[in-house]
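Student: Sequence and predicted structure, then a few things I'm wondering about:
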Amino acid sequence: MTHRTLRLSDGATVTAMDLGQGEPLVLIHGVGMNARAWAPQIADLSQNWRVIAIDMPGHGGSSLLPAGAGLKDYVAWAARVIEALALGCVNVAGHSMGALIATGLAVDCPELIRRVAVLNGVHRRTPEARAAVEARAEDIARGAYDADAPLSRWFGPADAAIRAQVAGWLHAVDPQGYAAAYGAFARGDDVYADDWHRITCPALVLTGDNDANSTADMTCTMAASAPRGRAVVIRGHRHMVNLTAADQVTAALQTWLKTPLMIERDGVRA
């Protein structure tokens with residue numbers, strides 16, 4: 001596996017894991033994580049695709065974005081990363097905050113995206129959920145956050161080993177990068193909520209049925225709103241479903257990656 005550093009057009013640096021050959025797949029992790037959060041998918045999918053897992057701004061070795069960056073700034077950053085890779089159009093899959101970024105790429109930069117996969121994404125939180133996540137964002141910005149709180153939301157009793165690994169990543173993340181990304185995440189659930197009808201590429205939308213924040217209803221709504229959307233809800237799993245149900249998530253991604261880019265209607269490709 002190649003660990004590489006990209007330099008973007010604005011001088012920022014991005015660290016990434018790069019493995020395999022073939023059609024490119026870019027993976028974007030969630031807040032507090034890093035590219036290694038995709039390890040099961042990297043191992044399997046790199047046998048048939050070129051997989052590039054990138055560290056979000058302020059995570060891993062990637063440069064921070066300017067203060068006050070919102071979701072659209074993270075989307076513009078991701079577009080610059082794809083352009084710096086110089087691989088042409090790519091498939092993109094994102095988890096949690098990465099899912100919001102992937103959605104934005106499919107809306108704002110369709111010329112860069114072959115297919116989009118949105119894992120454990122959020123869509124129009126309830127007022128109560130919005131208030132809770134915004135309160136957490138304020139706490140994190142003040143440095144007054146408990147890393148065990150998200151772990152309790154993300155994992156069940158059977159996930160102790162994976163939980164410990166993820167806890168290590170959360171404790172190691174740069175506090176400034178974590179706070180910045182969480183603030184954008186807290187405010188990002190409705191930025192592209194009205195734009196799913198514009199996502200015309202094959203779109204996989206996936207979550208676990210026990211994810212209280214990225215709910216099955218959200219997933220089905222997003223998928224139903226996209227012309228070529230497909231919803232997958234994995235039973236018995238929570239927010240870190242790509243780690244706790246790695247084989248099922250990888251299988252869903254493989255099916256999505258094999259979906260034709262074009263469809264035929266009455267013998268005409270469109």
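Tutor: Done, it's in. Computed from a prediction, not measured in an experiment: that's the story for all the values here.

Student: Span of stretch 57-73 from start to end?
Tutor: 10 Å (C-alpha to C-alpha, to the nearest Å).

Student: List the buried residues for that stretch?
Tutor: Residues of stretch 57-73 classed as buried: 57-60, 62-63, 65, 69, 71, 73 (neighbour count, 16 or more other C-beta atoms under 10 Å). Any C-beta I mention is one placed from the backbone N, CA and C, and that applies to glycine too.

Student: so what's N210 up against?
Tutor: The contact partners of N210, by C-beta atoms under 8 Å, 6 or more residues apart in numbering, come to 156, 236-238.

Student: out of those residues, which one sits closest to M97?
Tutor: Of all these, R238 has the smallest distance to M97: 16.2 Å, by C-beta to C-beta.

Student: Surely that closest one is in contact with W154?
Tutor: Yes. If you go by C-beta atoms under 8 Å, R238 and W154 touch, sitting 5.5 Å apart.

Student: out of these two, which sits in the more crowded spot?
Tutor: Taking other C-beta atoms under 10 Å, R238 and W154 do not tie; W154 has more neighbours (26 against 23).

Student: re earlier: now the buried residues of stretch 57-73 in JSON lines, with distance to R228?
Tutor: Shown next, in JSON lines, are these (distance: C-beta to C-beta, whole Å):
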{"residue": "P57", "distance to R228": "30"}
{"residue": "G58", "distance to R228": "33"}
{"residue": "H59", "distance to R228": "31"}
{"residue": "G60", "distance to R228": "32"}
{"residue": "S62", "distance to R228": "31"}
{"residue": "S63", "distance to R228": "34"}
{"residue": "L65", "distance to R228": "31"}
{"residue": "A69", "distance to R228": "30"}
{"residue": "L71", "distance to R228": "23"}
{"residue": "D73", "distance to R228": "28"}
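
Student: quick one: the strands in the chain?
Tutor: Per DSSP state E, the chain carries strands over the ranges 2-7, 13-19, 24-28, 50-54, 90-95, 113-119, 203-208, 229-234, 264-265, 268-269.

Student: Sheet partners, orientation included, of the first one?
Tutor: According to DSSP bridges, the neighbouring strands of strand 2-7, each with its direction, are strand 13-19 (antiparallel).

Student: With just CA atoms, put the partner strand into PDB.
Tutor: In PDB, the C-alpha atoms belonging to strand 13-19 read as follows (Å, rounded to 0.1, in the frame of the first residue of the first chain):
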ATOM      1  CA  THR A  13      -1.400  19.100   1.600                       C
ATOM      2  CA  VAL A  14      -3.500  16.000   1.700                       C
ATOM      3  CA  THR A  15      -2.400  12.600   3.000                       C
ATOM      4  CA  ALA A  16      -3.900   9.400   1.400                       C
ATOM      5  CA  MET A  17      -3.600   5.700   1.200                       C
ATOM      6  CA  ASP A  18      -3.400   4.400  -2.400                       C
ATOM      7  CA  LEU A  19      -3.700   0.800  -3.400                       C
END
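
Student: residues making contact with that strand?
Tutor: Contacts to strand 13-19, defined as C-beta under 8 Å, 6+ apart, come from residues 1-8, 35-36, 38, 42, 46, 50-55, 60-63, 81, 84.
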